[in-house]
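[1] Prediction below, plus the sequence it came from.
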Amino acid sequence: MLYVHNNLTRQKEPFQPIDPRNVRMYVCGMTVYDYCHIGHARVLVVFDVIYRYLRKLYGEGHVTYIRNITDIDDKIIARANSNRESFLDLTERFIDAMHEDADLLGVLRPNQEPRATVYMAEIIAMIEALVVRGHAYAAGNGDVYYDVSSFADYGRLSGKQLDDLRAGARVEVDEAKTDPLDFVLWKSAKPEEPSWDSPWGKGRPGWHIECSAMSTHCLGNHFDIHGGGLDLQFPHHENEIAQSCGASGEAFVNVWLHNGFVRVDDEKMSKSLGNFFTIREVLEKYAPEVVRYFILTSHYRSPLNYSDKHLDNAKSALTTLYTALRGFDASTHEVDNEFNNRFNTAMQDDFNTPEAIAVLFDLAKEINRQRDTDAAQAGQLAAQLRQLAGQLGLLQDDPQAFLQGKSQAGSGGLSDAEVDELIRQRNQARADKNWAESDRLRDALKAQGIILEDNAGKTSWRRA
RNA sequence: GGCGGGAUAGCAAAAUGGUUAUGCAGCGGUUUGCAAAACCGCGUAUGCCGGUUCAAUUCCGGCUCCCGCCUCCA
């Protein structure tokens, strides 16, 4: 039985899909005006693992995963203007970049990636429904606002009271709104801005309505899981609930999952603080799988501190796992044993990836213990290790390719052929019992970041 | 100010009312020409103060500190 921590109830509860033949999950994706940073990488990887695990539990064809793309908003318009390009050119570029980054991190593509700009009809229809049902009103200036007081449950997801929110000093005053807490559904266009026709004149959607329109259009009014970063809990997801329930009169989402932040020096990594590292920057120094492993070493709801030291640690750990797999064929095999049970128990406990990874290390140790005494058994366990790790999107590379892969810090270094030649010379020296020369060559290789291992009469190597 | 999350060994990170987390780093041993890798062994961690209990890191209360949301943000 899968248990998940539902942020709506703030409790861990058994996951019961509305329809086990079609488990439906929507995750708020990127606003595409810049490259993705490590915080985005965390959302991508965390929900990728959740998607993979749901597919394992319910079957590959029985999970629908939607991750939207916000391709029109204030920041996109501003960035396109300052770049002197059309917003469509801008967003197309960063959508491509996002796909490159996600693919490198081993993130499976969602079933659909709806974009706000191609859902205008659905967005407008939803706003009209909200007006008809008394949840929204057109202001004199061409904007349409959601009337927060019309929705009794407002604040339930984020645990906020309307009065507390009103008491907060940070609510901006806007003449057009009846209540400062009301939020915009449709923004009238300023001159020169991208705009779409609507019953209220030319304009564009507010930020929250697109997700309500796209999620319910793709998954139905009532679906299983809605996810995103913790910072979206309020106001974004709170507003989505108000919109979706207000427009349909039905229940919206059963389970809300929010991942914790990536931090730098104990501060949230964010665009506004400017303390972010883009995925592609980090991938210049570390293999994508190292980044993925690093993300999964902490529980998805916990904060995750980013630093080179932690990435170095992740690389060493992954090296240990791949070293255990070295020499075995690349098969995967599901075995019903204690390792399997422990792994699945961990994953079913709100996707406890740190504990699941601990099982991988215990398995690696067992493989190493048995490799010389019972090669067949060790090979079976290696296949199991690869199979379990595969559920996390890890250890699917060829061990040698990983271990000998481009070193971090982009050191120019020696080519594989040059390494092989130096190893050949060293092995000649060893055959001649010329230890001084043999050690000199090994030290020379080490200075180039190449580490040698003499095993069972064969010399293997890896890049540090 | 309102609401919420957190403090675990050198670092990172799970779990648990009494019994080994795990990884990285470190130390000793086996192995090796020497190393590396691997294996074996080694740390007697749970912010502070009370309470409940036969027993608390784990439950309850208080305190200190950190972080997040309340404004765009994954």
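    All right, it came through fine. Worth saying up front: this structure is predicted, and the values here are computed from it rather than measured. Numbering: from 1, shown residues only, chains lettered A, B, ... in the order given.

[2] Return the set of residues that bridge with the closest residue to RNA strand B within chain A.
    Chain A approaches RNA strand B most closely through A:Gly229 (1.9 Å), counting by C-beta to the nearest atom of the strand. (Glycine included, C-beta is placed from N, CA and C.) Under DSSP bridges, the beta-bridge partners of A:Gly229 are A:Asn259.

[3] Test my guess that it contacts A:Trp256.
    No. With contact defined as C-beta atoms under 8 Å, A:Gly229 and A:Trp256 do not form a contacting pair (12.0 Å).

[4] Write out the residues of the stretch 301-450 of chain A neighbouring RNA strand B.
    Within the stretch 301-450 of chain A, the positions adjacent to RNA strand B are A:302-305, A:309-310, A:312-313, A:316-317, A:320, A:323-324, A:346, A:349, A:352, A:354-355, A:357-358, A:361-362, A:364-365, A:368-369, A:430, A:435, A:438-439, A:442 by C-beta under 7 Å from any atom of the strand.

[5] Which members of these are positioned in helices?
    A:309-310, A:312-313, A:316-317, A:320, A:323-324, A:346, A:354-355, A:357-358, A:361-362, A:364-365, A:368-369, A:430, A:435, A:438-439, A:442 (DSSP state H).

[6] The residue of chain A closest to RNA strand B - how many residues pack around it?
    21 (other C-beta atoms under 10 Å).

[7] which residues touch it?
    Taking C-beta atoms under 8 Å, 6 or more residues apart in numbering, we find A:Gly229 in contact with A:Cys28, A:Gly39, A:Arg42, A:Val43, A:His258, A:Asn259, A:Phe261.

[8] redo that, cut-off 10 Å
    A:27-28, A:39-40, A:42-43, A:46, A:236, A:258-262, A:268, A:270 (C-beta atoms under 10 Å, 6 or more residues apart in numbering).

[9] of those residues, list those near RNA strand B.
    Answer for those near RNA strand B (C-beta under 7 Å from any atom of the strand): A:Cys28, A:Gly39, A:His40, A:Arg42, A:Val43, A:His236, A:Asn259, A:Gly260, A:Phe261, A:Val262, A:Lys268, A:Ser270.

[10] Could you dump these into JSON lines with distance to A:Gln425 and pLDDT added?
    Output for the ones next to RNA strand B among the contacts of A:Gly229, formatted as JSON lines (distance: C-beta to C-beta, whole Å; pLDDT from 0 to 100):
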{"residue": "A:Cys28", "distance to A:Gln425": "57", "pLDDT": "97"}
{"residue": "A:Gly39", "distance to A:Gln425": "48", "pLDDT": "97"}
{"residue": "A:His40", "distance to A:Gln425": "47", "pLDDT": "97"}
{"residue": "A:Arg42", "distance to A:Gln425": "46", "pLDDT": "98"}
{"residue": "A:Val43", "distance to A:Gln425": "49", "pLDDT": "98"}
{"residue": "A:His236", "distance to A:Gln425": "62", "pLDDT": "97"}
{"residue": "A:Asn259", "distance to A:Gln425": "51", "pLDDT": "97"}
{"residue": "A:Gly260", "distance to A:Gln425": "51", "pLDDT": "96"}
{"residue": "A:Phe261", "distance to A:Gln425": "51", "pLDDT": "96"}
{"residue": "A:Val262", "distance to A:Gln425": "46", "pLDDT": "96"}
{"residue": "A:Lys268", "distance to A:Gln425": "52", "pLDDT": "92"}
{"residue": "A:Ser270", "distance to A:Gln425": "52", "pLDDT": "89"}
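
[11] Looking at those residues, point me to the pair that's furthest apart.
    A:His236 and A:Val262 (18.4 Å; C-beta to C-beta).

[12] Neighbour count for these two, which is higher?
    Taking neighbours as other C-beta under 10 Å, A:His236 and A:Val262 compare with A:Val262 leading, 25 against 17.

[13] Give me the subset of the contacts of A:Gly229 that lies in strands.
    A:Val27, A:His258, A:Asn259, A:Val262, A:Lys268 (DSSP state E).

[14] Which residue ranges of the stretch 101-250 of chain A form strands?
    Using DSSP state E, counting those that start in this stretch, the strands of the stretch 101-250 of chain A run over A:136-138, A:144-146, A:183-188, A:203-205, A:223-229.

[15] Those: which one's closest to A:Gly393?
    Here strand A:223-229 is closest among those (C-beta to C-beta), at 16.8 Å.

[16] Using CSV, write out every CA atom in the closest one.
    What follows is strand A:223-229, C-alpha atoms only, in CSV (Å, rounded to 0.1, in the frame of the first residue of the first chain):
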residue,chain,number,x,y,z
PHE,A,223,-8.2,14.0,-10.4
ASP,A,224,-5.7,12.3,-8.1
ILE,A,225,-2.5,14.3,-7.6
HIS,A,226,-1.4,17.8,-8.1
GLY,A,227,2.2,18.7,-7.5
GLY,A,228,4.8,21.5,-7.6
GLY,A,229,7.3,23.4,-5.5
